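Novice: Quick one, fold the following:
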Amino acid sequence: MEINRYLDSTYLKTPEQSGLSEEETLHTVLKLTDEAIENKIFAVMIRPDYVKQVREYLADKKTEVKVGTVIGFHEGTYSTEEKLSEARKAIQDGADELDFVLNYTEFQKGNLELVKNEVIEATQLCLNHGKIAKWIIEIAALNDEQIAEITKNISSWITENFPGKENMVFVKSSTGFYKTQGGKPNGATFEAIRIMLDHAGKLPVKAAGGVRTPEDAEKMISMGVQRIGTSSAKALISNKEAEGNY
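Specialist: Numbers count the residues shown, from 1 in each chain. Prediction:
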C-alpha cells in the first residue's frame with residue numbers, strides 16, 4: 001500500500017512552543033517540505049505564517065505536493081469572522097487545503113447555530129476558491145455520542161448546502177494539541193475513527209495524531225480514512241514507528 005499518497009506531513013509548533021527561532025522554524029518547515037517532495041507525500045500541513053514561502057518553494061521545485069494550513073488553531077474558539085479573515089489570507093498566500101478547528105466548545109454548550117454558521121460560511125469561502133476544507137472536531141474533548149452527533153451534523157450541513165461538493169469537505173479528528181488527562185490519547189483512535197466514518201455520510205475522513213506505525217496507517221486506510229495527518233510521515237513510509245504523539 002502506498003501510504004505516502006494519504007499523508008499530510010505536519011509541523012504545527014510555533015517558535016515559542018519549540019524553542020526555535022523564526023529562522024530555525026522556517027528551516028524545519030522547508031526540510032519537511034523537501035521530505036514531502038522526495039517521498040511524494042500528498043501534502044505538507046503548516047502554520048499560516050509559512051504558507052506563502054512554502055508555496056513559492058514548491059513552485060520553484062515544480063512538484064505536485066499540496067500546501068495545507070490550519071485555521072482557528074488550536075482552540076477553535078476564534079469568532080467566525082476571525083476564522084474567515086485568517087482563511088482569506090491563507091488562500092491569498094497559496095494554501096490548497098484549510099483545516100479549520102471547529103468551535104467544539106460552543107457545540108458542547110448546545111450552540112448549534114453558531115457552529116453551523118461557521119461551517120457553512122468557511123466552507124463556502126473555500127469552495128468559491130476551489131480549496132479543500134477540513135473540519136477538526138477534536139475527538140479527545142468529546143464523548144462517543146458527541147463525536148457521532150457533530151460528525152453527522154457537519155455531513156448534513158454540507159450535503160444540504162453544497163450538494164455534489166462533499167468530496168472537498170473532510171471531517172478531521174484532532175489538532176494534536178488538546179491536553180488530555182490520565183494518559184488518554186489526544187489524537188485519532190480506531191474506535192473514534194469508526195464512529196466518524198459511520199456518521200460522515202459522503203464526507204471523507206481525516207485521521208490526525210496517534211497513527212504511530214505503518215500498520216496503523218494501513219488499518220486506518222482500510223477502514224476508509226482518506227487522509228492521515230502525522231508529524232512522522234517519513235518514518236511511516238520508511239516502515240518505522242513514529243516519533244512523538246502526532
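Novice: Quick check, Lys116 in contact with Ser156.
Specialist: No: if you go by Cβ atoms under 8 Å, Lys116 and Ser156 don't touch, sitting 9.4 Å apart. Placement of C-beta: from N, CA and C, glycine included.
Novice: Same drill for the two, tell me which one is more crowded.
Specialist: Ranked by neighbour count (other Cβ atoms under 10 Å), Lys116 and Ser156 place Lys116 first, with 17 against 14.
Novice: what's next to whichever strand or helix holds that one, contact-wise?
Specialist: Applying DSSP states H and E as the criterion places Lys116 in helix 112-128. By Cβ atoms under 8 Å, 6 or more residues apart in numbering, the surrounding residues in contact with helix 112-128 are 71, 80, 83-84, 87-88, 91, 98, 100, 102-103, 106-107, 132-133, 135, 150, 153-154, 157-158, 161-162, 165, 168-169.
Novice: For ChimeraX, write the select line for the buried members of these.
Specialist: Selection of buried members from these for ChimeraX, criterion 16 or more other Cβ atoms under 10 Å:
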select :71,80,83,84,87,91,98,100,102,103,106,107,132,133,135,150,153,154,157,158,162,165,168,169
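Novice: quick one, phi/psi of Glu106?
Specialist: Torsion angles at Glu106 (phi, psi; degrees, to the nearest 10) stand at phi -70, psi -40.
Novice: Can you give me the distance of the nearest residue to it once chain neighbours are set aside to Leu30?
Specialist: Using Cβ to Cβ, 6 or more residues apart in numbering and skipping residues adjacent in sequence, the residue nearest Glu106 is Leu114, 5.1 Å away. Separation of Leu114 from Leu30 (Cβ to Cβ, to the nearest Å): 37 Å.
Novice: quick one on the thing from earlier: ok, and for the helix holding Lys116, which residues are buried?
Specialist: For helix 112-128, by 16+ other Cβ under 10 Å, it's 115-116, 118-120, 122-123, 125-127.
Novice: end-to-end on stretch 178-194?
Specialist: Chord length of stretch 178-194, first to last residue, is 20 Å (Cα to Cα, to the nearest Å).
Novice: same question but for stretch 156-170, I mixed them up
Specialist: End-to-end for stretch 156-170, by Cα to Cα: 13 Å.
Novice: what residues does it touch?
Specialist: 116, 119-120, 123-124, 126-127, 131-135, 154-155, 201-206, 226-227.
Novice: make it 7 Å
Specialist: The contact list for stretch 156-170 (Cβ atoms under 7 Å, 6 or more residues apart in numbering) reads 116, 119-120, 123, 127, 132-135, 201-206, 227.
Novice: can you give me the helices for the protein?
Specialist: All helices of the chain, identified by DSSP state H, fall at 15-18, 22-38, 51-61, 80-93, 104-109, 112-128, 144-161, 190-199, 214-223, 233-237.
Novice: Let's have those in JSON lines, adding mean pLDDT and distance to Ser173.
Specialist: Listed next are the helices of the chain as JSON lines, based on pLDDT from 0 to 100; distance: least, Cβ to Cβ, whole Å:
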{"stretch": "helix 15-18", "mean pLDDT": "92", "distance to Ser173": "21"}
{"stretch": "helix 22-38", "mean pLDDT": "96", "distance to Ser173": "21"}
{"stretch": "helix 51-61", "mean pLDDT": "97", "distance to Ser173": "23"}
{"stretch": "helix 80-93", "mean pLDDT": "98", "distance to Ser173": "19"}
{"stretch": "helix 104-109", "mean pLDDT": "98", "distance to Ser173": "12"}
{"stretch": "helix 112-128", "mean pLDDT": "98", "distance to Ser173": "16"}
{"stretch": "helix 144-161", "mean pLDDT": "98", "distance to Ser173": "9"}
{"stretch": "helix 190-199", "mean pLDDT": "98", "distance to Ser173": "6"}
{"stretch": "helix 214-223", "mean pLDDT": "96", "distance to Ser173": "10"}
{"stretch": "helix 233-237", "mean pLDDT": "91", "distance to Ser173": "17"}
